[in-house]
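**Student:** My questions are about this predicted structure, shown below with the sequence.
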Amino acid sequence: EKAGYEHFMMKEIQEQPKAVLDTLNSVIKDGQIDLSELGLDEEEIRKISQIYVVACGSAYHVGVAAQYVIEDLARIPVRVELASEFRYRKPILDPNGLVIIISQSGETADSLAALREAKSKGIRTLAIVNVVGSSIAREADNVFYTLAGPEISVATTKAYSTQLIAAYCLAVQFALTRGEITEEYYTELIAEMQTIPDKIRKVLADKERIQWFAAKQANAKDIFFIGRGLDYAISLEGSLKMKEISYIHSEAYAAGELKHGTISLLEDNTLVIGVLTQADLYEKTLSNMVECKSRGAYLCAVTSYGNYSMEDTADFVTYIPKTDAHFATSLAVIPLQLMGYYVSVAKGLDVDKPRNLAKSVTVE
Ligand code: F6R
């Protein structure tokens, strides 16, 4: 079952290039994204006035990334909400809006209730789901299936990665249809998306270095993840991976928020992991890292090849291949998944079945 791997989580981490490729291939036909099976024709795409992305946990973190990518490319306003909040706050929904529910299992109670809430208001719903025939898949108006295959490990990895791909495809196609990007850039974006599987493979090839680093962090009490823009979205996911399987308290902060609170928590050798994939925000986050260092923090950075000056500041640097900034999340998340995994292994914990957690949360 585990195909020679010690844990399902590692098997699923390694399956990501294929899961991403399969998901891309399911919607890219002759170099174009084809959303016709989702029932979204051009007319309808042009009409969307507002998008609401609603989900729980890691799927919510995909929503945070989707917000940046959809707003930047397609220029449609996006709200991202936790399903457990959305369902009870009597949401005010734009009748020309689109509600996107993201769920691996398709059975998460709060996400299902949020879907029903949206449907009861007559808003169009689209579900990004991995499990065929699940409740959310059956009840949503349309379904974008991620082709991650069965995910056994409680901590999601490959489903998360395929959900990101689904979000990119929607963003890119909406952007073209609404005239927000040129045909030329559209073609480039699709070609770039098709390089993601190989680039993920490249990051995975560096796993021993991350294992070495992670093993040294097994006694950490607190870990802070910081980033700006999409790098903040990745930080949220990196932090969740770390806390759920390694039982180390960890938090993700928008780097600019540090001095509004968190920085007082830094002590000598507190681990701070900075994510710096967005060129336009690089200097800003770097200066936040320098501030952390001067308060004694031990610094790890995830950044793109080429940013070698990072080694002047950070104690440990892990590099990801260059890609279009909108897609960097897909690469930067890999070292963070590996860190969570290897810290958990180093602590001798039950990686695939962390205490108190269930794979599918069917109660609220
Ligand atoms: C974290 C994790 C959870 C799920 C969340 C939603 O690794 O797996 O946070 O993302 O419980 O589950 P689904 O996607 O099945 O709705």
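**Tutor:** Structure's in. What do you need?

**Student:** The closest residue to the ligand within the stretch 251-364 of the chain: what's its closest spatial neighbour, skipping adjacent residues?
**Tutor:** Nearest residue of the stretch 251-364 of the chain to the ligand: residue 361, at 5.0 Å (CB to the nearest ligand atom). Yep, even glycine has a C-beta here, placed from its N, CA and C like the rest. Leaving aside its sequence neighbours, residue 361 sits nearest to residue 108 (CB to CB, 6 or more residues apart in numbering; 5.3 Å).

**Student:** Check whether the residue of the stretch 251-364 of the chain closest to the ligand really touches residue 106, as I assumed.
**Tutor:** No - look at residue 361 against residue 106 with CB atoms under 8 Å: they stay out of range, at 11.8 Å.

**Student:** So what touches stretch 249-266?
**Tutor:** By CB atoms under 8 Å, 6 or more residues apart in numbering, the residues outside stretch 249-266 that reach it are 221-228, 231-232, 235-236, 238-240, 242-243, 272, 274, 284-285, 288, 291-292, 295-297.

**Student:** Out of these, which end up buried?
**Tutor:** Taking 16 or more other CB atoms under 10 Å as the criterion, what is buried in those is 223-228, 231-232, 235-236, 238-240, 242-243, 272, 274, 285, 288, 291-292, 297.

**Student:** Which ones among those residues map onto strands?
**Tutor:** Secondary structure from DSSP state E places 223-227, 272, 274 of the buried ones among the contacts of stretch 249-266 in strands.

**Student:** picking that back up, quick one: which of residue 361 and residue 106 has more around it?
**Tutor:** residue 106 (26 against 15; other CB atoms under 10 Å).

**Student:** So which of the buried ones among the contacts of stretch 249-266 reach the ligand?
**Tutor:** residue 240 (CB under 6 Å from any ligand atom).

**Student:** And residue 81, how close does it get to residue 163?
**Tutor:** According to CB to CB, to the nearest Å, residue 81 stands 16 Å off from residue 163.

**Student:** Compare these two and say which is more crowded by neighbours.
**Tutor:** Counting neighbours by other CB under 10 Å for residue 81 and for residue 163 shows that residue 163 has the greater number, 29 against 18.

**Student:** can you give me the strands in this protein?
**Tutor:** 28-29, 32-33, 50-55, 78-82, 97-103, 124-129, 142-145, 222-227, 249-254, 271-276, 298-304, 316-320.

**Student:** Residue of the stretch 151-300 of the chain nearest the ligand, please.
**Tutor:** Closest point on the stretch 151-300 of the chain to the ligand, by CB to the nearest ligand atom, is residue 156, at 3.6 Å.

**Student:** I should have written the stretch 51-200 of the chain there, sorry.
**Tutor:** Closest point on the stretch 51-200 of the chain to the ligand, by CB to the nearest ligand atom, is residue 57, at 1.9 Å.

**Student:** show me the contacts for that residue.
**Tutor:** Residues in contact with residue 57 (CB under 8 Å, 6+ apart) are 156, 240.

**Student:** Same check on residue 165?
**Tutor:** With CB under 8 Å, 6+ apart, residue 165 has these contacts: 20, 23-24, 146, 193, 196, 330.

**Student:** now, which of those residues lie within helices?
**Tutor:** 20, 23-24, 193, 196, 330 (DSSP state H).

**Student:** buried subset of those?
**Tutor:** 20, 23-24, 193, 196, 330.

**Student:** could those go into JSON lines alongside pLDDT?
**Tutor:** Output for these, formatted as JSON lines (pLDDT from 0 to 100):
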{"residue": "20", "pLDDT": "98"}
{"residue": "23", "pLDDT": "98"}
{"residue": "24", "pLDDT": "98"}
{"residue": "193", "pLDDT": "98"}
{"residue": "196", "pLDDT": "98"}
{"residue": "330", "pLDDT": "98"}
